[in-house]
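Chemist: A structural model of the following input is requested.
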Amino acid sequence: MTDSVLCAKMSTHVRLRSAGLMTVYAATKNYVNHMTVALEQEYGPQGIRFQSLMPNFVSTAMSKQRPSLLVPSPKQYVKSALTTLGQDLQSSGYFWHELQWYACCSLLRASFSVADDAFQLLCSYVLSLVPSKVLESQAFKMHLSIRKRAIKKAEREAAGGGKKDK
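Modeler: Model prediction:
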C-alpha cells in the first residue's frame with residue numbers, strides 16, 4: 001500500500017509514574033498510550049500508522065509553567081512535534097524533553113544494545129528502583145502547590161468581581 005495514514009495521540013510522561021492529585025489525568029494518558037501501541041500492532045500492516053506524543057511540561061494554563069528551554073510554549077511544542085510525526089511509535093515530540101527522558105538512562109543505553117521499546121521498558125525499570133515514595137512525594141508537593149495557587153487565584157478573581165488575570 002503506497003498511501004498511509006498517521007494518527008497521532010497525545011499522552012504525557014506523567015503516565016510513567018503515579019501522580020497524586022492527577023489520578024484520572026495520569027490514568028487516561030496511560031490508556032491513550034497503550035491504546036496507541038495496540039492500534040499500531042493491529043492496523044500498522046494496513047498502512048495506518050499511530051504515534052503517541054508524550055511531552056513533559058508545556059507552558060499552558062494547566063501546567064502553570066512559564067516558557068523556558070525545558071518548558072516550551074504550545075506553539076514551540078507543536079512546531080517541534082510536527083517534525084517527529086511518523087518517525088517513532090512513541091516520542092516526546094520535543095528535543096529537550098527527549099533529552100530529559102534519555103538522560104536518566106544514558107548509562108544503561110551505553111551498556112546495552114536494545115530496541116527502543118525495550119529501552120523504554122528498561123528506563124521505566126530503572127525509575128522503578130528509585131523508591132516510589134520519593135518520586136510520588138515530590139510530584140505530589142508540586143501538584144499541591146499548583147492547586148493552592150489556582151485556588152488563591154480563583155479567590156482573588158471572585159473577590160475582584162470576576163476579574164481575570166491576563
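
Chemist: all strands of the protein, in order?
Modeler: 5-10, 48-53, 90-91 (DSSP state E).

Chemist: compare those and give me the one nearest residue 157.
Modeler: Residue 157 sits nearest to strand 5-10 of all the strands of the chain, at 28.5 Å, using Cβ to Cβ. For the C-beta atoms, the positions are set from N, CA and C on the backbone; glycine is no exception.

Chemist: next, the angle from the closest one to strand 48-53.
Modeler: Counting by axes from the mean of the first three to the mean of the last three Cα atoms, to 10 degrees, strand 5-10 lies at 20 degrees to strand 48-53.

Chemist: right, so of the strands of the chain, which gets closest to residue 29?
Modeler: Between residue 29 and those, the tightest spacing by Cβ to Cβ is seen for strand 5-10, at 7.9 Å.

Chemist: quickly run through the sheet partners of the closest one, with directions.
Modeler: strand 48-53 (parallel) (DSSP bridges).

Chemist: for the partner strand, list every residue counted as buried.
Modeler: With burial defined by 16 or more other Cβ atoms under 10 Å, the residues of strand 48-53 counted as buried are 49-53.

Chemist: what does it rub up against?
Modeler: For strand 48-53, the surrounding residues in contact (Cβ atoms under 8 Å, 6 or more residues apart in numbering) are 4-11, 32-33, 36-37, 39-40, 43-44, 81, 84-93.

Chemist: of those, just the buried ones, PyMOL syntax please.
Modeler: Remark: buried members of those, expressed as a PyMOL selection using 16+ other Cβ under 10 Å:
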select buried, resi 8+11+32+33+36+39+40+81+84+89+90+91+92+93
